[in-house]
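*Asks:* Just a sequence and a predicted model for now, questions to come.
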Amino acid sequence: MSEVVEFPFKSPEESSGYLLWQVTMLWQRAMKRELDNLDITHTQFVLMSALGWLSKENQNVTQIDIANHSNTDRMMVSKVLRTLEEKKVIKRKDHPVDTRAKVITLTPNGVELLQKALVVVRNVDTTFFDALGPYRPIVDLNLKTLFEKNSEESFSSNDVEGK
């Protein structure tokens, strides 16, 4: 017979991590359902958005720039960018200074797709988060605080272990 596990709470809903996971999964499902209509994944959207945002100020956006801006794994970014290139929504060209890097740009089709996706994502966010009513700005502020306090630069395993 297996041992009974003792949880520090009476129900899963008392766990912030459980609630965050459940809400994240619901949000991701809603986002996927709508972005599927554009034949784009949420990850593809995030990387295209990072590229679009960074391109406003820099003509030589690299894969590393996109990975850093979106806080994502460089290898994953490489694979997703390859897919976006196959879809002809981005293109790569040689970097004018760094021979190891490629400059990533949106194609005209990519700009059009990103514009459509921005509307879709904004609508999903509005519908999803407006359920919070007047508490939405407070939740947004708290999410921003969690993000800032727990970024890799300021968060370590010692914090988790209580050392």
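*Replies:* The structure has been received and is ready for your questions. Residues are numbered from 1 along each chain as shown.

*Asks:* the helices in the protein, which residues?
*Replies:* Ranges of helices in the chain, per DSSP state H, are 16-35, 42-55, 63-70, 74-86, 108-129, 136-149, 157-161.

*Asks:* Export those helices as TSV, with columns for distance to residue 92, mean pLDDT and mean neighbour count.
*Replies:* C-beta here means a position set from N, CA and C on the backbone, and glycine is covered the same way. Below are these laid out as TSV (distance: least, CB to CB, whole Å; pLDDT from 0 to 100; neighbours: other CB atoms under 10 Å):
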stretch	distance to residue 92	mean pLDDT	mean neighbour count
helix 16-35	23	96	12
helix 42-55	11	97	20
helix 63-70	8	94	18
helix 74-86	6	96	15
helix 108-129	12	97	14
helix 136-149	30	94	11
helix 157-161	37	49	8
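
*Asks:* Redo these as a markdown table? Include distance to residue 6.
*Replies:* Shown next, in a markdown table, are those (distance: least, CB to CB, whole Å):
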| stretch | distance to residue 6 |
| --- | --- |
| helix 16-35 | 16 |
| helix 42-55 | 37 |
| helix 63-70 | 39 |
| helix 74-86 | 37 |
| helix 108-129 | 35 |
| helix 136-149 | 27 |
| helix 157-161 | 20 |
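
*Asks:* right, and those - which one's nearest residue 94?
*Replies:* Relative to residue 94, the nearest member of those by CB to CB is helix 63-70, separated by 13.1 Å.

*Asks:* for that closest one, the distance to its chain's centre please.
*Replies:* 11 Å (CA atoms, centre = their mean, to the nearest Å).

*Asks:* wait, which of the helices of the chain is closest to residue 93?
*Replies:* Across these, closest to residue 93 is helix 74-86 (CB to CB), at 11.2 Å.

*Asks:* and that closest one with helix 108-129, angle?
*Replies:* Taking axes from the mean of the first three to the mean of the last three CA atoms, to 10 degrees, one finds helix 74-86 and helix 108-129 inclined to each other by 120 degrees.

*Asks:* most centrally placed residue in the chain?
*Replies:* residue 46 (5.2 Å; CA atoms, centre = their mean).
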